[in-house]
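Engineer: give me coordinates for this.
(chains A and B)
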Amino acid sequence: MQAATSTPTYDMRVVRGFAISALVWGIVGMAVGLLAAAQLAWPELNLGPYLHFGRIRPVHTNAIIFGFTLGVVFAGSYYAIQRLCRVRMFSDTLSRINLWGWNAIIVAAAVSLLLGKTSSKEYAELEWPLDIAIAAVWVVYGINLLGTIARRREKGMYAAIWFWIATVLTIAMLHIANSLAAPVSWMKSYSIYAGVFDANIQWWYGHNAVGFLLTTPILGLMYYYLPKAAGRPIFSHRLSIVHFWSLVFIYIWAGPHHLIYSPLPDWAQTLGTAFSIMLILPSWGGMLNGLLTLRGAWDRVRTDPLLKMFVVGLTFYGMSTFEGPMMSIKTVNSLSHFTNWTIGHVHSGALGWVALTCFATLYYLIPRLWHTRIHSQRLVEVHFWLATLGLVLYVTPMWISGVTQGLMWRATNADGSLTYTFMETVTAIRVYDVLRFLGGCVFLSGSGVMCWNVFKTVRSGTVAYAPLPPDTISPSAIGGQA
Amino acid sequence: MSGPSWHRELEGRWLPFTLYTLAAVVIGGLVLLIPPFFLQGTIDPIPGFRPYSALEQEGRDLYIREGCNVCHSQQVRPFRTETDRYGRYSVAGEGIYDRPFLWGSRRTGPDLHRVGGKYPDSWHWLHLLDPRSFEPDSNMPSFAFLAEQPLDLSLTRRRLDVLRSLGHPYTPSEVENAPEDARNAMRTIVESLRADGIELSESQSRSEALALIAYLQSLGRGAGLLEATAHQGSSHGD
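Structural biologist: Predicted structure coming up:
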């Protein structure tokens, strides 16, 4: 048995495909985001029926979440799962369907959103035929993942795998429940839920899309690629266990914090706030497990841009998972809700935690996928600084803008009348819209540097189908079991 | 640091591990999703609250198509400063015909839940065509193209029919006559614009902008009914 598969070959085609598609969607999504930011600052840039802010904004979020982030998650999990299980993927056919099906969906998503085919539900804008396609491809990914795990030649499942299992299950549940709708035509449907029930389901989905698309699968990447890049086992296996189970259990309850002071029943709002605050602990458990993995290796952080990306990513994870619970407290929420503070919060997580971890994962993968070295380590360093600078330049104006607008909305004169008209609160934050646009420019330019670097790296490499040796560091070792 | 041995064992058994994970996420999901459906009776019905007319529903679907909800909330919070600015705070009973809900998450522009009746139709017409003609610093896109594109009424009947199957109380004749009702409602808006000195061209009189105006003018009708019932209630000594 062992002799027959002495040199296992891993399927790297699907990984290469997703790595490249993620990079392409990343550039598209960030460029569209930049256009949206520019439109807020200079409304003349809203062009005709297809390219105004109302249609552009969902293209930005969908391209970034489903094209870029999930692309990296697919690439990163397909690469790691084969090594952690010491087998090739369960089915090459399913891998192909996953790769081409998913990217076809993203293309269809971009086109249909520009055409105004939208359900309006945030991060679930796509109309029902695309929702069905997403569910189908997601099930394909799930079968492929679990099939590989079931056939593994390694006794235990390493922590990264737990987070991907949780991702597959939860997203399937959320996506199907939230997308149920009665079709009117091929690209129009009405939600089977109305009003307050629809809001409840949507933010149960929306919040957990953050939890199970932008948190758990990225933690999976962190759990595999950070120890790999650092060459050290994860800090604590026990902490992984506590952090994993508490995170997946608590996350799902916190959705109603998006609906504070809304017509949603008070008990649900309070429950959402309570669980959001509890969420600090498992979130920080993950951050600490990552950061403490570098104990004794901090000198390498000075020279290795990959480790820098992981460290800044984890730090922003810690900051935004502290900020989020604070914003779910009624008093704070009454100020922050409906303002740019929310946009700032989302981007400190998305640009800081998600994008930096995804970049680091891609930089780890690309040279290994093309059997070569990275074209320029210096340009990785440049990218790290552009990304970090861009992110700070983006998030800080959004915080100031949000607090400014929130305070102006509630300002009253001595006689109790409102101090500001709505229009005055729009003009007051215009300068921050411009600054945010500049931050976006810097961040996107970093991604451009990455594309050039990856292009040169791939050009210098080869995709010869040499059987890949299994990883020299055993999965047990990074799990701290050795 | 290694974990407890029972967990070590669980890490070796993928199916139980998967099922436990599923249980962990399902529990919170059920607690949050199931009870609200049984609380349906706790939503105070608003007497006389009607579903959207054919043209209003067409306008609502245009509002969604153009992503108006991306920048405008429809949820007035129960604060003095919000009710002073916008009007009565939003209540659950107002949402029973909203599929999907459109509360929004960001106020790049003002809340619209109480905008109905606040401005004349002519204000909305001119504002949609060129928002900066009213507010030079507004960053709202121009929706002049809505005044050119003809409103497609081929799905109107179907829209109401699907909503009726979901429980909206349309009568069979309301569904049957939906396109005609919509056309009549458009003529009424064209008349109101004419009265304000805006003469529409032939194509503008059939344009999508009119449906959007009808929808915007319908927003907040629940609040009006609530005011009325509040007065009635006090006179009956409830």
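
Engineer: assign residue A:9 to helix, strand or coil.
Structural biologist: coil (DSSP: H, G, I helix; E, B strand; the rest coil).

Engineer: that one - how many residues pack around it?
Structural biologist: Applying other C-beta atoms under 10 Å in any protein chain shown, we find 13 residues neighbouring residue A:9. (C-beta placed from N, C-alpha, C; glycine too.)

Engineer: kindly report the same for residue B:191.
Structural biologist: Residue B:191 has 11 neighbouring residues, counting by other C-beta under 10 Å.

Engineer: so which helix or strand of chain A has the lowest pLDDT on average?
Structural biologist: Comparing helices and strands within chain A by mean pLDDT, DSSP states H and E singles out helix A:475-478 as the least confident, with a mean of 48.

Engineer: pLDDT score for residue A:1?
Structural biologist: Looking at residue A:1, its pLDDT stands at 38.

Engineer: revised request: answer the last question for residue B:222.
Structural biologist: At residue B:222, pLDDT is 86.

Engineer: let me know the helix or strand that it is in.
Structural biologist: helix B:221-235 (DSSP states H and E).

Engineer: what comes up buried for that helix?
Structural biologist: Using 16 or more other C-beta atoms under 10 Å in any protein chain shown as the test for burial, helix B:221-235 gives B:221, B:222, B:223, B:224, B:225, B:226, B:229.

Engineer: ok, now which ones touch the fourth one?
Structural biologist: Meaning residue B:224. Contact analysis of residue B:224 by C-beta atoms under 8 Å, 6 or more residues apart in numbering or on different chains lists residue B:117.

Engineer: pull the CA atoms of the helix holding residue B:222 into CSV?
Structural biologist: The C-alpha trace of helix B:221-235 is given here as CSV (Å, rounded to 0.1, in the frame of the first residue of the first chain):
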residue,chain,number,x,y,z
ARG,B,221,-47.8,56.2,4.9
GLY,B,222,-47.7,53.8,7.9
ALA,B,223,-46.6,56.7,10.1
GLY,B,224,-49.6,58.7,9.0
LEU,B,225,-51.9,55.9,9.8
LEU,B,226,-50.2,55.4,13.2
GLU,B,227,-50.8,59.1,14.1
ALA,B,228,-54.4,58.7,13.1
THR,B,229,-55.0,55.6,15.2
ALA,B,230,-53.2,57.2,18.1
HIS,B,231,-55.7,60.0,18.1
GLN,B,232,-58.6,57.6,17.6
GLY,B,233,-57.4,55.4,20.4
SER,B,234,-57.3,58.3,22.9
SER,B,235,-60.8,59.5,22.0
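
Engineer: any idea how far the residue of the stretch 51-200 of chain A found nearest chain B lies from residue A:189?
Structural biologist: Residue nearest to chain B within the stretch 51-200 of chain A: residue A:195 (2.2 Å; C-beta to the nearest C-beta). Separation of residue A:195 from residue A:189 (C-beta to C-beta, to the nearest Å): 17 Å.

Engineer: show me which of those two is the more surrounded one.
Structural biologist: Counted by other C-beta under 10 Å, residue A:195 and residue A:189 do not tie: residue A:195 has more neighbours, with 24 against 21.

Engineer: got the domain boundaries for chain B?
Structural biologist: In the assignment given by automatic domain parsing, the structural domains of chain B cover B:5-42, B:54-235.

Engineer: about what we covered before: so how far is the helix holding residue B:222 from its chain's centroid?
Structural biologist: 21 Å (C-alpha atoms, centre = their mean, to the nearest Å).
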